[in-house]
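S.K.: Here is the input, now give the coordinates:
(3 chains)
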Amino acid sequence: MTQDPLLTGLAALAVEPPESLLERIAARWVRVPAPIGEVTVACTDQGVAYVHAGEGFAQAFRERFGRPLLPAARPPAGLLPALRTGRLSGLRLDLRGLSPFQRAVLDAAREIPRGEVRPYAWIAARVGSPRAVRAVGTALGRNPVPLLVPCHRVTRSDGMVGDYVFGAPAKERLLLEEGVDLDRLRALAGKRVFYLASDTTGVVCFPTCHNARRITAAHRHGFRSLAQARAAGYRPCRTCRPAQDVPA
DNA sequence: CGCATGGCCCTTA
DNA sequence: TTAAGGGCCATGC
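M.R.: Just a heads-up that it's a prediction; the model follows:
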């Protein structure tokens, strides 16, 4: 056994890193209420890194981030309203470690307003990889910060709600709470209607676009595809962007 | 019109 | 390095 102060110092360091270092690299966790029930949220010095529902938070966090965890005294400012509304308003996210593709997908999902939905294919086109539809699903499935990045607003092109990191039922509940009329969407899908157009404006929208909701019945026309709407003389809405100009 | 089936892109094991 | 498979989509009966 050596008495060398350097070695004992190092040994102590291995067991207990100095507080300042730990402070810097550790994530802090809190349990907070969310629309789907209680969730556990982990934050780094850069922002919110992880939102987890159900059991097994610590293990899942370790496997995914491999960073030490400490309890937080209180939730960061703005977290609770952000979880409730999906509006971050200044709350920062720590998305380091995500691939550029994943980040682009999450950024696109954040463009979907509360109360509206967009297809997976829309995200794919939005990020410039129109055929990467399945990859979009995978990326959203690995969204580390659900609710804050509203991946639940991404639904299937055939009108089904699709899957969700917290389970499809939770996705449905969230969308209903946000005011999405799922029954109506299902009814439209049953008629193979995935776009709504107005013959007063000449614009065609996704059914949940706030512009589409104001079309009166007399002027409303449903379309199965964008091509058909265009053939009928409608141009894609600039708000919901059912067609995005994909650079060739 | 409901179902099956390739296809496609990205990530992970 | 490669191969497999996923929160999908368009097509073809």
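S.K.: how about the strands of chain A, start to end?
M.R.: Counting by DSSP state E, the segments of chain A that form strands are A:27-34, A:37-44, A:47-53, A:69-71, A:118-119, A:154-155, A:195-198, A:203-205, A:220-223, A:235-236.
S.K.: buried set for the first one?
M.R.: Right, strand A:27-34. Applying a neighbour-count criterion of 16 or more other Cβ atoms under 10 Å, one finds A:A27, A:R28, A:W29, A:V30, A:V32, A:A34 buried in strand A:27-34. C-beta coordinates here come from the backbone N, C-alpha and C atoms, glycine included.
S.K.: Just checking: what are the partner strands of it?
M.R.: Strand A:27-34 has its sheet partners listed here by DSSP bridges as strand A:37-44 (antiparallel), strand A:69-71 (parallel).
S.K.: and A:S99, how many neighbours?
M.R.: Neighbour count of A:S99, defined by other Cβ atoms under 10 Å: 10.
S.K.: Residues in a beta bridge with A:T40, which ones?
M.R.: A:R31, A:H52.
S.K.: Sorry, wrong one. I was asking about A:T44.
M.R.: Here A:T44, judged by DSSP bridges, has bridge partners A:G47.
S.K.: Please verify my assumption that A:P76 contacts A:L91.
M.R.: Yes: assessed by Cβ atoms under 8 Å, A:P76 is found in contact with A:L91 at 6.9 Å.
S.K.: residues shared between the contacts of those two?
M.R.: The contact sets of A:P76 and A:L91 overlap at A:V48 (Cβ atoms under 8 Å, 6 or more residues apart in numbering).
S.K.: highest average neighbour count across the strands paired with strand A:27-34?
M.R.: Mean neighbour count, computed with mean count of other Cβ atoms under 10 Å, is highest for strand A:37-44 among the strands paired with strand A:27-34, reaching a mean of 19.
S.K.: What angle do strand A:47-53 and that strand make with each other?
M.R.: Per axes from the mean of the first three to the mean of the last three Cα atoms, to 10 degrees, the angle that strand A:37-44 makes with strand A:47-53 is 150 degrees.
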